[in-house]
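A.B. asks: using only what follows, build the 3D model:
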Amino acid sequence: MRNVRQEILDTAQNLFKQHGYDGTTFQMIADELGITRAGVVYHFKNKHLILHTIFENYFDLIRSFVRENLTEGFNYYLYYCVFHIYTSAKIIKNENIYRLFYHKDYVDSMEREKLWGVEESYRLITDDFNKDFTKEELRLASIMDRGARFRLFKEFAEGDGILTVEKYGYYRVYLMGVLSRLDEATIEKNIRRAFEFVESHSPPAIPLFE
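C.D. replies: As a prediction, the model looks like this:
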């Protein structure tokens with residue numbers, strides 16, 4: 001049985017790579033699949049939902065991979081260090097990919113829908129390390145996280161080249177440790193373990209990033 005929804009995602013990935021987000025239309029996706037434009041809209045009402053789904057499917061793959069393989073000395077800060085080092089490297093090492101990820105449509109969707117997910121990350125980390133955060137403090141940590149993350153990316157994309165992909169990943173997760181009020185030794189220990197894990201484990205791939 002034909003899985004049109006998955007075919008749309010697969011086709012969109014290829015077209016995004018070839019033509020960019022703005023250069024890809026619903027009609028182009030429909031023509032590639034031999035269906036009507038309405039057939040695409042039936043599954044995805046707008047283009048940013050396609051992009052959102054592609055990224056979220058990849059993130060789900062990485063989350064599952066990390067949980068299955070990161071077993072020794074597990075804690076949630078280490079888990080998120082590994083997750084963000086993997087995904088940051090994949091996203092920002094390729095200009096075409098980070099232009100997709102930081103496209104206004106995708107960023108707007110994340111601002112509306114994903115703040116609660118960042119907040120949940122901080123709740124898990126702070127609970128794991130017995131940090132007493134109020135609901136307000138968790139929300140503020142997630143807001144500061146998102147603001148600093150976008151500023152960090154801007155420095156990477158528009159800076160003088162000092163901020164490498166590896167350093168981007170390091171400071172991305174160092175920020176989480178600071179906002180979770182972890183001490184310096186704990187932050188450095190977990191970041192070091194995370195990079196060691198990333199170097200020794202190859203994550204699953206999707207066509208968009210290859």
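A.B. asks: every contact and neighbour count from this point should use C-alpha atoms.
C.D. replies: Noted.
A.B. asks: low pLDDT regions in this protein?
C.D. replies: 94, 96, 98, 102-103, 105-115, 207-210 (pLDDT under 70).
A.B. asks: tell me the spatial nearest neighbour of the residue nearest the centre of the chain, not counting adjacent residues.
C.D. replies: In the chain, the centroid-proximal residue (CA atoms, centre = their mean) is T87; its distance is 5.4 Å. Once flanking residues are discounted, T87 sits nearest to F59: 7.6 Å by CA to CA, 6 or more residues apart in numbering.
A.B. asks: what about R63, neighbour count?
C.D. replies: 16 (other CA atoms under 10 Å).
A.B. asks: surely it and H84 touch.
C.D. replies: No: the criterion here is CA atoms under 8 Å, and R63 misses it with H84 at 9.9 Å.
A.B. asks: before we move on, back to that, host element of the residue nearest to T87?
C.D. replies: Per DSSP states H and E: F59 is located in helix 47-69.
A.B. asks: which residues touch that helix?
C.D. replies: Contacts to helix 47-69, defined as CA atoms under 8 Å, 6 or more residues apart in numbering, come from residues 9, 12-13, 25-26, 44, 79, 82-83, 86-87, 100, 105-106, 109, 203-206.
A.B. asks: how does the protein divide into domains?
C.D. replies: For the chain, the structural domains run 4-43, 48-209, going by automatic domain parsing.
A.B. asks: what are the ranges of the helices in this structure?
C.D. replies: 4-19, 26-33, 37-43, 47-69, 76-92, 95-101, 104-113, 115-128, 135-158, 165-179, 184-200 (DSSP state H).
A.B. asks: so which of those helices is the most packed in?
C.D. replies: Highest mean neighbour count of these: helix 76-92, a mean of 21 (counted as mean count of other CA atoms under 10 Å).
A.B. asks: show me what that one is packed against.
C.D. replies: helix 47-69, helix 95-101, helix 115-128, helix 165-179, helix 184-200 (3 or more CA pairs under 8 Å, 6 or more residues apart in numbering; DSSP states H and E).
A.B. asks: go again using 10 Å as the cut-off
C.D. replies: The helices and strands touching helix 76-92, judged by 3 or more CA pairs under 10 Å, 6 or more residues apart in numbering; DSSP states H and E, are helix 47-69, helix 95-101, helix 115-128, helix 135-158, helix 165-179, helix 184-200.
A.B. asks: what's near enough to touch L9?
C.D. replies: 15, 29, 44, 50-51, 53-54 (CA atoms under 10 Å, 6 or more residues apart in numbering).
A.B. asks: please list all residues in contact with I29.
C.D. replies: So I29 contacts 7-15, 35-37, 40 (CA under 10 Å, 6+ apart).
A.B. asks: can you rerun that using 8 Å?
C.D. replies: 8, 11-12, 15, 37, 40.
A.B. asks: out of those, what pair is the most spread apart?
C.D. replies: Greatest spacing in the contacts of I29, by CA to CA: L15 and R37 (15.3 Å).
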